[in-house]
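> Show me how the following folds:
(chains A, B and C)
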Amino acid sequence: MTLSTTATPASPKPRPGRFDSDLPQFWIAVAILVAMGIIPAVLGSSYWEHSFQLMNIYIAVTILQNFLFVDAGQKSFGQGVLLGLGAYGFAVASGINDLPVFVGVLTGIVVAVAGGLLFALPALRVQGFHLGFVTLSAAVVFPQLLLQMDSVTQGLNGISMPTPGLSKPLVLGISPLSILCTLLPIAALAFHYGIRNSRLGRQMRTAAESPEAARSLGINPGHMSSLAFILAALGTGICGVLFVPAVSFVTPQSFLMDVSFIFFFSVVVGGRGQLLGPILGILAVFTIPNMLLVDLAEYKPLIYGFITLIVVIVFPDGIVGTIEEARRKRNQTGGGERAFHLSALTNWLNSLPDHAASETREPIISLKGATKRFGSVVAVDRVDLELRPGEIHGLVGANGSGKTSLLNVLNGFSRMNEGSYTFDKRDVSRASAADIARHGLGRTFQNPRIFPAFSVWNNVRVGLDARQSELPKELRAVLDSMRDDYASGLPTLLSHGQRRLLEVVRVALKDSRVVLFDEPAAGLSAEEREEFSSLIWLLSRKLGTTIVLVEHDLDLVWSIADRITVLETGKRIAQGSPEDLAKDPAVQHLFVGGDHAHA
Amino acid sequence: MLNEMFANFDMIMTILLRGAAVGSLFAIIAMSFNVVHNATGILNFAQGTIFMLGAFGAYLLANRVGFAVWIPMLILVSIVIGLFTAAQGWLTLKPLRSGVEQNSWLISTMSVSVIIAAILTLNFGVFGNMVRGPVPRFEILGVRTDGAFLLAIGSMFAWYFALRWFLRRTFSGLAISALSQDFDAARAAGLNVGRLQLLAFGISGVIAGSVGFMVAPMISVSPDAGLRYVLNGFVAAVVGGIGNNTGTLIGGPLVGITAALTAFYIGGAYQDLASLLLLVAILMFLPQGLFGRAAARKV
Amino acid sequence: MPMLEVKNLTAGYGDIPVVRDISLTVEPGEILLIGGENGAGKSTLLRAISGFNTPTSGSVIMDGKNVTGLAPERAAHEGLRLVLDNHRVFPELTVHDNLRLGQAAGRRDPDAFAKTLEEIHSVFPILKEKAQARARDLSGGQQQILALGQAFVARPKVLLCDEPSMGVAQMLLPPILAFLRKWAESGTAVIIVEQHLKVTQPYTDRALIVSRGQVALECPSPELTDRLAAWNAQRMAAAHG
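Residues are numbered from 1 along each chain as shown, chains lettered A, B, ... in the order given. Here you go, the predicted structure:
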């Protein structure tokens, strides 16, 4: 069988709409930013020039907040603190202590990154509203500290640091400062776009949307959130440094909590996760109220408070998000039978020779005396389990018999209280889930982990991102065809069965030597069940993947498994081939009406 | 020597009393958090400015009045704020019913907090206002004390026991308790979840608003102060274990006394920093709080 | 006219269809036993009927009224009451307060409640003895009795009972089932989902087996044993064929 027989439709495919509008949004945003940077200067209005400089800095901070909030899933309400740290770091170093500018700039950035690390620290332990309160507290405390530490910061007087050199017109009446302030948000935007389309960005998003899925793909969510905080702090620190020449002086009043509110609210109003969002958000929340209410400054919080509240209640997707959602609805392709199919992959698998490894007797997984307790409950009770390469191993038992607990021990989600666990000749008894995953273990979840922010192809690609080994050449061709088919596919249109298969493909592309399936057949139709069975059969026989199948559908297990282990109240009560076990009295209670059989 | 000791004793007593009194306000905010959290799983960021609404109620309607005016006004303000908070709850819960977006409450309650503070600022300015209440000053252990201090501590216990009674004795209270213990079973039993959640919001508003009204004389009545109370109230709730009202009785005074000691030994501006550090320490090492959740424990 | 009529119901969790195209009816005074293996969709079926999962298609008609997709608390007010599996009660409340909350689904009438309470206490004296104990201090079986008592307080038209035997000592099952039988005979339509078919079947009128989210067989309860044996033999032959 050759690849040319893969079942791509003969008719020319309709040109599908883009999955997202990130690229057009990026260019629109760049155009707006350039226009805003240049026009006031060309018109010769220094008032507007300064206003737009500050606004551009705010936009850059908001872009980074957008990244942190959506792509990395970290709810920080204290980004104004990082901006202030950057500004004060620079101003204290170069404005008060007369250090060279580049040392001052570096100081500002380092101080801001240190602040970001402080935010990241609690983020390792807590998420959601806890983190929100911590960062919000920091935003409240920060100006108090600036006032208090007046020996360093000059307290309420602030630090004056005029930089007339930067404000002299360079070309067309545009000053170097205006150019810098225009390049800053563009750079932030390019960073956001770039990281979102990188392996790292996908891994961050995965960790943000499903920490378990991330860990099962070898990603450490703590590393991801820390890195995200540091990156955002780095960028925000640069913004802070530029804040100093743009405003000419820094005082604690510039970094009150309202500033943090503005960044955060702008993200929401503009549209969470939308590249263009921060620009429109800052315009709506900051610039327009500022322009309209020049003499009524006290009304500003009221205005942005109301705008945010109304947006959250009425247009939860924000300005750009609402438009983007409408575009998606109009353009949506995919869905239906062809939204996700496997023929390209199965054809390739079929073309492979049978895997030879199944003859080796050396077990790939060896679990001895595994015990897992939760308080007084023994969920896994001295279980021994040996899995051979390429075998399909069924794990069955009633509800609460410890199947999922055992699965969690195997992939490292929970650590054994006693026992030893060897995976591919390596002791992993104390290893983390991410470590075990990188060592070659994959798993799926009862609810397929599909990420709506990714196209169907990127959902598959997450598995490829986690791959440690070289990709076979033929497989690359298969993947190219999948990319063409699914790059614009909306994952939300996939049926449950298709999602399940997608997850299997993802975990197969990760090149897992052992794959754990947690109730994969639940909710599959008869045909999907068939397709699923033949896929895992191919994985086991052609690639030599060891399959562990936790499944209630006993017919499925009995028809496909090489061996079966039966659990009851955490203990292994039987093990053997399907034929042998079918007659075992200890197993009868699993079958409906089975208690009649030996009563 | 002896005199000095007594002077010190007086000082320590003053600090402890002040800390405990301010801390009991944090405990009350924490309880009002808990009522909503147990019924809905969300935290109302606006709880601090709602507390301030109560204090402004006192400033506006019951400054320098006797008990004959003060008490009816207290009741009126509490009811109005309760209704307002229930309405806020309705608005907050509305997008959550659709099921897709489950984080919007974080933003909507925060924006309500900003709006309340902004409206107060527009009407009363940014500076602190003084309120004189009807409760007289008195001496306790030789220390002259503002009556509102005792009122603060007293209302912490009063609300604690009132909530306890409500949640254990009345049908609606039992229903709210049931909601926090087993949400699905509560729905299966036919408890009107939506109405109970609004009731919980309303009660939290009455708690925060009434206490804000009563203790107005001991605090600086300013729009921005609300944020300080919501943050410290949150720390108190986390210290005691979110959802656990008994924990707040320890958590609140602990935060208050920490702040008072910090103010005395290091400086007033470092109080909030001390609370922040306390919060981070608790989250890092005891994320369930000192007492965890009452419901999860078997006594 | 049947008290409960389920037509072509398809439902699941999120996007996972667990129950596909199931139809069933229950008459007033009748007990329908639903069996099936773990994961076959029995609990999902009950949760879909009672409104915890919104069905993607199909309908639920109770006493001539369409209650499809009604929120569970609304359904309870209409007289459709689910008793969840795992003897779920409100653990921190007393036994008496747990029963008191049973009134939430109906009208709150102190006299009627007192009478009902007396009735429950006469069948299960343990609930009277432990009236002031916290529910969490009860045994699994006692909690199951309490959960059923709470449902009984509201006198629903339809009672859905998910695995009443779960976590219940064997000797407590017959009184529980007898109570359900008596309850049904007062005109309530009852569905019991159970794995322990042998103990439950004598107390029921008809039986229905769910497999892979669909009805695998349906028969009068006395025939269940034989029909199941035949069906299982056929399955095993298929699996090894």
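
> which parts of the longest helix anywhere in chain C are buried?
In terms of residue count, the longest helix belonging to chain C (DSSP state H) is helix C:224-240. Burial within helix C:224-240, assessed by neighbour count using 16 or more other Cβ atoms under 10 Å in any protein chain shown, is assigned to C:224, C:225, C:227, C:228, C:232, C:235, C:239. For glycine as for every other residue, the C-beta is placed from the backbone atoms N, C-alpha and C.

> Nearest to chain B among those?
Nearest to chain B among those, counting by Cβ to the nearest Cβ, is residue C:224 at 27.8 Å.

> what's across from the spatially closest residue to the closest one that is not a sequence neighbour in the sheet?
Of all residues not flanking residue C:224 in the chain, residue C:207 sits nearest, at 4.5 Å (Cβ to Cβ, 6 or more residues apart in numbering or on different chains). Taking DSSP bridges as the rule, residue C:207 bridges to residue C:33, residue C:219.

> Residue C:207 touches residue C:226, doesn't it?
No: Residue C:207 lies out of contact with residue C:226 (Cβ atoms under 8 Å); the separation is 11.6 Å.

> Can you mark which positions in stretch B:264-272 are buried?
B:264, B:269, B:270, B:271, B:272.

> Of those residues, which one scores lowest on pLDDT?
Least confident of these in the model: residue B:269, at 83.

> contacting residues for the closest residue to that one other than its chain neighbours?
The shortest distance from residue B:269 to any non-neighbouring residue, by Cβ to Cβ, 6+ apart, is to residue A:148 (4.2 Å). By Cβ atoms under 8 Å, 6 or more residues apart in numbering or on different chains, the residues touching residue A:148 are A:155, B:267, B:269, B:270.

> got JSON lines for those residues, with secondary structure and distance to residue B:33 too?
Below are the contacts of residue A:148 laid out as JSON lines (DSSP: H, G, I helix; E, B strand; the rest coil; distance: Cβ to Cβ, whole Å):
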{"residue": "A:155", "secondary structure": "helix", "distance to residue B:33": "34"}
{"residue": "B:267", "secondary structure": "coil", "distance to residue B:33": "28"}
{"residue": "B:269", "secondary structure": "helix", "distance to residue B:33": "26"}
{"residue": "B:270", "secondary structure": "helix", "distance to residue B:33": "25"}
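
> Tell me the one among those residues nearest to chain C.
Checking the contacts of residue A:148 one by one against chain C (Cβ to the nearest Cβ), the nearest turns out to be residue B:270, at 39.9 Å.

> which residue packs closest to residue B:49, ignoring adjacent ones?
residue B:226 (3.6 Å).

> tell me the secondary structure for that neighbour?
helix (DSSP: H, G, I helix; E, B strand; the rest coil).

> quick one: it from chain A, how far?
Counting by Cβ to the nearest Cβ, to the nearest Å, the gap from residue B:226 to chain A is 11 Å.

> tell me, how many neighbours does the residue nearest to residue C:224 end up with?
27 (other Cβ atoms under 10 Å in any protein chain shown).

> Once you drop chain neighbours, what's closest to residue A:456?
Here the residue nearest residue A:456, using Cβ to Cβ, 6+ apart, is residue A:489, at 3.3 Å.

> right, I mislabeled it, should have said residue B:130
Nearest one to residue B:130, counting by Cβ to Cβ, 6+ apart, is residue B:221 at 7.3 Å.

> residue contacts, the one you found?
So residue B:221 contacts B:52, B:55, B:56, B:58, B:59, B:128, B:129, B:130, B:131 (Cβ under 8 Å, 6+ apart).

> one more time with 10 Å
B:52, B:54-60, B:63, B:120, B:124, B:127-131, B:212, B:215 (Cβ atoms under 10 Å, 6 or more residues apart in numbering or on different chains).
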